[in-house]
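**Student:** How does the following fold in three dimensions:
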Amino acid sequence: MSPYRRNIITRLNLLLAFAQRNDLNQLSNGQWEKLRKDLVYIIYNRKDVTADDRYFMKIGAILDAQRHLVSAINNLKNVGVAHLHLNQQGVIIATVKGKPFSYRYQPDDLSTALNGSLAYLLDKAGITREELLECANPTCQFPDTPRLKRVREEMGLPPPRSGKIFVPIRKPAKSKRAYCSTACARVVAVRDYRSRVKSDAENYERSKEKERKRGKQRYKKKVLKK
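**Tutor:** Next up, the predicted model:
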């Protein structure tokens, strides 16, 4: 995969993850700042957050933008169509000496910026509807917001899927489960391992004893370092 396409899919996955978050009302100041950094990267493809970015990405604007995106992503996965509204925006055209002119749209509000980014990133990623995968971790759920539930009932859509939507960096084998993050893959791997071990009582007790010994060793090393 080329660095350009990896960049596009990374930004697209950040946008998909943002739209499917259900913890925005519990974020600390530091977590809000990290989220703004992700949004700046999604929209502008840069990682430094300026004072203007913070003014543009106020908490209320972020919450409002997310409400529109989660329904659109649900529709894209289920029926392949989403309608998103764009408000007024300008266009900035610029160049530096010896380089061709380039342009960038400058929306007046965050919702328009993210809606436009979703369309742009999906187009540049060149993916099909079938490549919008669902995380195989049963505890990684697609959010079922009241607004989404109402829209789903109006359109006769099925209940939400078992996993959040994402685009894989590498296409997984048909026989393998796909996960939206290494954290989800690790959770399922540990759960599957414990399930296999627990099915054999003798092996289960032996493995638990090994885990206890390793825990004691880690504790001793930690105490000795102090």
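**Student:** Could you pull out the helices in this structure for me?
**Tutor:** For the chain, applying DSSP state H gives helices covering 3-19, 29-44, 51-56, 59-78, 110-125, 146-155, 182-198, 201-225.
**Student:** most tightly surrounded among those helices?
**Tutor:** Using mean count of other CB atoms under 10 Å, the stretch among the helices of the chain with the greatest mean number of neighbours is helix 110-125 (a mean of 19). In this view, the C-beta of every residue, glycine as well, is placed from N, C-alpha and C.
**Student:** quick one, that one and helix 59-78 angle?
**Tutor:** Relative orientation of helix 110-125 versus helix 59-78 (axes from the mean of the first three to the mean of the last three CA atoms, to 10 degrees): 40 degrees.
**Student:** Not counting its own residues, what contacts helix 110-125?
**Tutor:** Helix 110-125 is contacted from outside by 5, 8-9, 11-12, 15, 18, 39, 42-43, 56-57, 61-62, 64-65, 68-69, 72-73, 76, 84-89, 105, 107, 167, using CB atoms under 8 Å, 6 or more residues apart in numbering.
**Student:** Go again with 7 Å.
**Tutor:** Under the criterion CB atoms under 7 Å, 6 or more residues apart in numbering, residues 8-9, 11-12, 15, 42-43, 56-57, 61-62, 64-65, 68-69, 72, 84, 86-87, 89, 105, 107, 167 lie in contact with helix 110-125.
**Student:** Distance of the nearest residue to residue 24 once chain neighbours are set aside relative to residue 69?
**Tutor:** With CB to CB, 6 or more residues apart in numbering as the criterion, residue 24 has its nearest non-adjacent residue at 6.1 Å, and that residue is residue 63. Remark: distance between residue 63 and residue 69 (CB to CB, to the nearest Å) = 11 Å.
**Student:** Can you give the domain ranges for the protein?
**Tutor:** According to automatic domain parsing, the chain comprises the domains 3-180, 186-225.
**Student:** The longest one: end-to-end distance?
**Tutor:** Domain 3-180 stretches 20 Å from its first residue to its last (CA to CA, to the nearest Å).
**Student:** Would you mind listing where this structure has pLDDT under the threshold?
**Tutor:** Applying pLDDT under 70 to the chain picks out residues 144-149, 151-152, 157-162, 201-202, 225-226.
**Student:** give me that answer again for 80
**Tutor:** Counting by pLDDT under 80, the chain contains low-confidence residues at 1, 142-162, 174-175, 193-194, 196-208, 222-226.
**Student:** Without its sequence neighbours, what residue ends up closest to residue 198?
**Tutor:** Skipping the residues right next to it in sequence, residue 198 comes nearest to residue 204 by CB to CB, 6+ apart, at 4.8 Å.
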